[in-house]
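[1] below are the sequence and a predicted model; questions follow.
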Amino acid sequence: MLKDELPKIVTDTLPGPKAKEIIERRKAVTPGAVGCVYPCVIKRGEGAMVEDVDGNYFLDWVGGVGVLNIGYSHPEVVEAVKEQADKYFHAMFNIITHEGYVNLAEKLGSIAPVRGEHKKVFFANSGAEADENAVKIAKAYTKRPNIIVFSGAFHGRTLLTMSMTSKKSYAKGMGPFPDGIYRAQYPYLYRRPSGMTEEEAIKYYIDSIYELFEECSGPEYIAAMVLEPLQGEGGFIPAPIEWVKAIRKICDDNGILLVADEVQSGFCRTGRMFATCYWEEEGAAPDIIATAKSIAGGIPISAVIARDEIMDAVPGGIIGGTFGGNALACASALKVIEILERDNLAARSVEIGEKVRARYNEMAKKYPVIGDVRGLGGMVGIEFVKDTETKEPYPELTSAMVQECAKNGLLIENAGTFGNVLRFLAPLVITDAQLEAGLDIFEKALDTCIKNM
């Protein structure tokens, strides 16, 4: 079966002839701004493996960018969607109640680590929509106009979420942007100010919040702080728990809601059902979670989760939408969560992450271009630098690595403010043999690229 295969390239060139023809057709009818540098056109996918239209087998460490935590084409999910499709595809929840929406809301409310005895859930379609609606909900509850976001953040490509996103290459030429969005420093400890200990750096990053209160907006006007527990596009940077606890206290002291963007880090990716489970264990649970990606194994759906009093403060008509909580997506999501819990994929995520980090750290002893290895569970980043002392970013190497790995049947993707981080987001159903094969391809590619740079 494909899900048990190892990477294998059978064509003389990549893309192969059939894939090349389709990619050329793609270029003719789709905008180049969407972008794609991969020589692969999928025919089918199972588990962590993709077969392309030319018969090449690729191991996928991108997972639809964190969407496929349970892998491609899980048979139980396929069956759940088929069963729902036999009944109806869609019933707009604003008009007709369907039980799948209610069942999924009940389930997410029971497992999400947000503050409150009882939670309510609102469904949209994408991570950006979830983040945008989380902000609207926070403003409705607090009656305040402003929000705080952080350096390195990525929250989406709508006008509001582009404005919230730090890296402005995602928003080039798109202004003017909404007012009332202020940015503090996220604790990127690998690149902390020179000479600071980690403890001193965390205080430095916390102080940036107070500087913002002084120079940009008083805390009484801040509705929410929105942050990623582990930054995705920003470079797979985990938020230190001591910093999170300090942020939680600042929010509590000033009536500010803490919003966790768990679009990429949710659904067992970091070794817990949500990355904010780690926060909850330290008494620093968020007030609102916005999540998406792996919630339904590839069918578009996102969710905003908060306690009753927050959700109930939203005026009628402020939130809603045609496709939010689509029946097929809800059926898929319920089955995905059942599989994640039953098969203990949170523990598998921890196991995978430990193996990846151990191998990366071994590589770091041999290759001085590796500056940092970091992550939580099966969400791992490896940062490349030209010099480990100056930490000058090495994006040319990551770009070369993406191509060299693909040539050998491994799909990887870069990340980071400087484009010098490679991310590990393989499906959590990856086999041990596939993981080792991928790590071997990765190391061989690194050796080749260094020699060719």
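    Received the coordinates, thanks.

[2] who touches the one helix or strand Thr398 maps to?
    Assigned by DSSP states H and E, Thr398 belongs to helix 395-407. Applying CB atoms under 8 Å, 6 or more residues apart in numbering, the set of residues contacting helix 395-407 from outside is 9, 14, 37-40, 58, 369, 384, 411-414, 418-422, 441-442, 445-446, 448-450, 452-453. No exception for glycine: its C-beta is placed from N, CA and C like everyone else's.

[3] now, the residues you listed that are in helices?
    Ile441, Phe442, Ala445, Leu446, Thr448, Cys449, Ile450, Asn452 (DSSP state H).

[4] so which bits of stretch 425-440 are buried?
    Of all the residues in stretch 425-440, those buried under the rule 16 or more other CB atoms under 10 Å are Leu425, Ala426, Pro427, Leu428, Val429, Ile430, Thr431, Gln434, Leu435, Ala437, Gly438, Leu439.

[5] which phi and psi values does the nearest residue to the last one once chain neighbours are set aside adopt?
    By that I understand Leu439. Distances taken as CB to CB, 6 or more residues apart in numbering place Arg359 nearest to Leu439, at 4.8 Å, with adjacent residues excluded. In terms of degrees, to the nearest 10, the main-chain angles of Arg359 are phi -70, psi -40.

[6] contacts only, for Arg416.
    For residue 416 the amino acid is Gly, not Arg. Contacts of Gly416 (CB under 8 Å, 6+ apart): Glu233, Gly234, Gly235, Phe236, Gly381, Glu383, Pro393.

[7] give me the phi and psi for Glu242.
    phi -70, psi -40.

[8] and the residue lying closest to it once chain neighbours are set aside, how far is that from Tyr190?
    In space, and not counting its chain neighbours, Glu242 is closest to Ile202: 5.6 Å by CB to CB, 6+ apart. Using CB to CB, to the nearest Å, Ile202 is found at 13 Å from Tyr190.

[9] so which of the two has more stuff around it?
    Neighbour count, other CB atoms under 10 Å: between Ile202 and Tyr190, Ile202 has more, with 19 against 15.

[10] Gly377 contacts Phe267, doesn't it?
    No. In this structure, Gly377 is not within contact of Phe267 by CB atoms under 8 Å, at 11.1 Å.

[11] which of these two has more neighbours?
    Applying other CB under 10 Å to Gly377 and Phe267 shows that Phe267 carries more neighbours, namely 29 against 26.

[12] now which of the contacts of helix 395-407 would you call buried?
    9, 14, 38-40, 58, 369, 384, 411-414, 418-422, 441-442, 445-446, 448-450.

[13] what's the helix or strand for Ala303?
    Ala303 belongs to strand 302-307, assigned by DSSP H and E.

[14] what is that strand packed up against?
    helix 99-111, strand 119-124, helix 127-142, strand 288-291 (3 or more CB pairs under 8 Å, 6 or more residues apart in numbering; DSSP states H and E).

[15] and the third one, what's buried?
    Which is helix 127-142. For helix 127-142, by 16+ other CB under 10 Å, it's 127-142.

[16] pLDDT of it, averaged?
    On average, the pLDDT along helix 127-142 is 98.

[17] what is the helix or strand just after that helix packed up against?
    Under the assignment DSSP H and E, the closest C-terminal helix or strand after helix 127-142 is strand 146-150. If you count contacts as 3+ CB pairs under 8 Å, 6+ apart, strand 146-150 packs onto helix 127-142, strand 181-184, strand 222-227.

[18] one step back: now the strand holding Ala303 - C-alpha only, PDB.
    The C-alpha trace of strand 302-307 is given here as PDB (Å, rounded to 0.1, in the frame of the first residue of the first chain):
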ATOM      1  CA  SER A 302     -11.800  26.700  11.300                       C
ATOM      2  CA  ALA A 303     -13.000  27.300  14.800                       C
ATOM      3  CA  VAL A 304     -13.100  30.000  17.500                       C
ATOM      4  CA  ILE A 305     -13.500  28.700  21.000                       C
ATOM      5  CA  ALA A 306     -14.200  30.800  24.100                       C
ATOM      6  CA  ARG A 307     -16.200  30.700  27.400                       C
END
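
[19] what strands line up against it, and which way round?
    Here strand 302-307 has these sheet partners by DSSP bridges: strand 119-124 (antiparallel), strand 288-291 (antiparallel).

[20] need the winner for burial among these.
    Comparing the strands paired with strand 302-307 by mean neighbour count (mean count of other CB atoms under 10 Å), strand 288-291 ranks first with a mean of 29.
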